[in-house]
Each structure stands twice: as structure tokens, then as C-alpha cells.
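Student: show me the folded form of this:
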Amino acid sequence: MTAVTSRESIRLTQYAHGGGCACKIPPGELEEVLRGLGTAVPVRHPAGELLVGLDAGDDATVVRLPSGIGVLATTDFFTPVVDDPYDWGRIAAANALSDVYATGGRPLLAVNLLAWPRGVLPFDLAREVLRGGLAVAADAGCHVAGGHSVDDPEPKYGLAVTGLVDPDRLLRNDAGTPGAPLSLTKPLGIGVLNSRHNATGAAFPQAVEAMTRLNREAAEAALAAGITCATDVTGFGLLGHAYKLARASGVTALIDSTAVPYLDGARQALREGYVSGGTRRNLQWVRPHSDLSAVDENEALLLADAQTSGGLLVAGEIPGAPVVGELLPRGDHALVVR
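Tutor: Here you go, the predicted structure:
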């Protein structure tokens, strides 16, 4: 067995081929895998009615029980996105819980998902990862108990979450209507800053703060405003998630590039070349369905930047969130950037 590395010399991001949501399977390839599976799942079942499944690419699955209660389930896990194990645990937990908020629900309970290269990385680091996840779940009012762990060459961590939701007050991808403004609740730039951190070890507390901030308040504000359409912006970038929302809703998403907020340092990281492969694949995926003629390649890459635990993209206005575009009647493209 390989000797355990001393904790002081460990950079967790160096033990993974890609960090955070940037290590997702590319969206085009994932859709090929999932093609046709949505229709294979019965919409009605004695245990309850499936309200949200695979078809529109929503963030979680929702079932209405015979009692009328809506039960929500989701899972998310990934490789290290930062070197600090406690922060990685917090980020991974917030990211998993984000799917609950993006659907309009509230988390009830979760179980841990942990992959760890035993004999390579010390288990006290794994304990810190789990402690970080517990801290964020506690802030969300979500129980965490048990889970599953495996010996794996790459460290990975996340949560499988069960939540409750009002079936008549869902946030979903396919409910967008022409005329609705598009609001974004967190700035972009997480991906390029994480790529720079991975390459250099430089810390970016502004990115950690954004990634560990729960989307709870944004979801509550959207529901209070009567909004029915939203998604979270994670591994497929703003362009990828806006495209999915527009396609599912049968509309065109117009993004105003001048209105999109970015974290401090994001543009510098882009200029220095810290762009993940996931971001480039995001842009390649949406390009055939988009009009990007108004922006240059660098701006398009920032808009496609693979986010980890990003904000919500909401079809409506909520306090504190800048309006970054609007939904239009379906035109020649599902996505237009000006």
C-alpha cells in the first residue's frame, strides 16, 4: 500500500483530473446517454405521481404522494474544487442542496457520498470534508445521517438529498413564458478562479464565499413573487443552463452580456488562460443553437464558464438579483447573447 502523504504537503485538487462541476460529463454526451429514458419511467405509479422527471432536464425529481405531499430527491458529488478539505465539504454540500432550492423545495434529510483513496490521503482530511458538509447542512436545517463510502483513486464527496415541496408551487425548467425577465442570483467567474487555484494554489475567498452560500433565500424570494420557472447555474455554465431552460420552455433566452456580474479577478484569470475543458465543451455545445455574434470568444467563454454551486437563474425579478436578460417568443435560436 502506498504510504499516506503528510497532511501539511497535501493539495487536494492535485488528486483529481478535474475540479467541482467542471468534471461533469459534457452536456451533449450526457443527453445521448439519457435519450429516451424519460419515457421509460411511468408517469403514474401506485406510490405516487411523478411530476418532474428526466424529460426537461430539471434539477431534481419530484413525486406527489397520494396524500398530496410533494417529495423531492436529488444527488450531487464531485472531485475537489479547492485544497482546503473543510471548504470542499461545505461547497459540495451547498451544491447538492442547490438542486432542492432550484426546484422550490426545502431539504429534509441527506446521506453522505464519499470516495476516498485510502492509503494515499489521510482519513483526518476525509473527516474535515464530512465536517464541512455537516456544517452547511445544519445551516440549511437538513439532517445528515449515514451514507456510503468507497475506496477510490480519486477523492469525491457530495450528498444525496430528500426534500419536501408544494406540488402546486414548483420551480421548473419548462415553465418559462415570453416577456419574463431573467435574474441571476450569484456572479459568474467561479470556474476560472477555481482553475487558477488548481494551477497555482492561490486562494480566492470571494469564490469560496459564493460557492458556500445557500440558494435558500433566492428560492424563497422566487416563490414569494409567484415565479414558476428557475434553474441553478452549475457545471453547464450560464449559457448551457439558459439554453436548457429556453429549449424546455419553447422560448428564446436573451442574455445581456453587459448586465452579467462577475467575481473580482475572474476576467484576469480568463486573460491568463485559466479556462477549464468543461467550459470549452459548454460553449461548443450551445454554439449551434445560439447567436453569439455580439460578443467575442473570451466573453462567450466567461458566459459558458463551468460554475460550481452557482446561483439561480430565475424567470422573474427578485430583490437583490440583477436582471441579465429576458425570455422572448421562440425565434431562430434558443439562445441569443447581445
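
Student: contacts and neighbour counts: CA atoms only from here.
Tutor: Will do.

Student: leaving aside the residues next to it on the chain, what's closest to the residue most central in space within the chain?
Tutor: By CA atoms, centre = their mean, the mean C-alpha position of the chain lies nearest to residue 234, the distance being 2.9 Å. Once flanking residues are discounted, residue 234 sits nearest to residue 307: 4.4 Å by CA to CA, 6 or more residues apart in numbering.

Student: A helix includes that neighbour, no?
Tutor: No. Checked against DSSP: H, G, I helix; E, B strand; the rest coil, residue 307 lies outside a helix; its state is coil.

Student: okay, now stretch 301-315: how far is its last residue from its first?
Tutor: Start to finish, the residues bounding stretch 301-315 are 23 Å apart (CA to CA, to the nearest Å).

Student: per-residue confidence for residue 61?
Tutor: Residue 61 is assigned 87 on the pLDDT scale.

Student: just the C-alpha atoms of stretch 274-285, please, in PDB.
Tutor: Extracted in PDB, the C-alpha atoms of stretch 274-285 (Å, rounded to 0.1, in the frame of the first residue of the first chain):
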ATOM      1  CA  TYR A 274      -7.300  29.600 -16.700                       C
ATOM      2  CA  VAL A 275     -10.200  28.100 -18.700                       C
ATOM      3  CA  SER A 276     -11.400  24.500 -17.900                       C
ATOM      4  CA  GLY A 277     -12.100  21.900 -20.600                       C
ATOM      5  CA  GLY A 278     -15.600  21.800 -19.200                       C
ATOM      6  CA  THR A 279     -16.200  25.400 -20.000                       C
ATOM      7  CA  ARG A 280     -14.900  25.000 -23.600                       C
ATOM      8  CA  ARG A 281     -17.200  22.000 -24.100                       C
ATOM      9  CA  ASN A 282     -20.200  24.000 -22.700                       C
ATOM     10  CA  LEU A 283     -19.600  26.700 -25.400                       C
ATOM     11  CA  GLN A 284     -19.200  24.100 -28.100                       C
ATOM     12  CA  TRP A 285     -22.500  22.500 -27.100                       C
END
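
Student: and it, how far out from the chain's middle?
Tutor: Centre-to-centre, stretch 274-285 and its host chain are 15 Å apart (CA atoms, centre = their mean, to the nearest Å).
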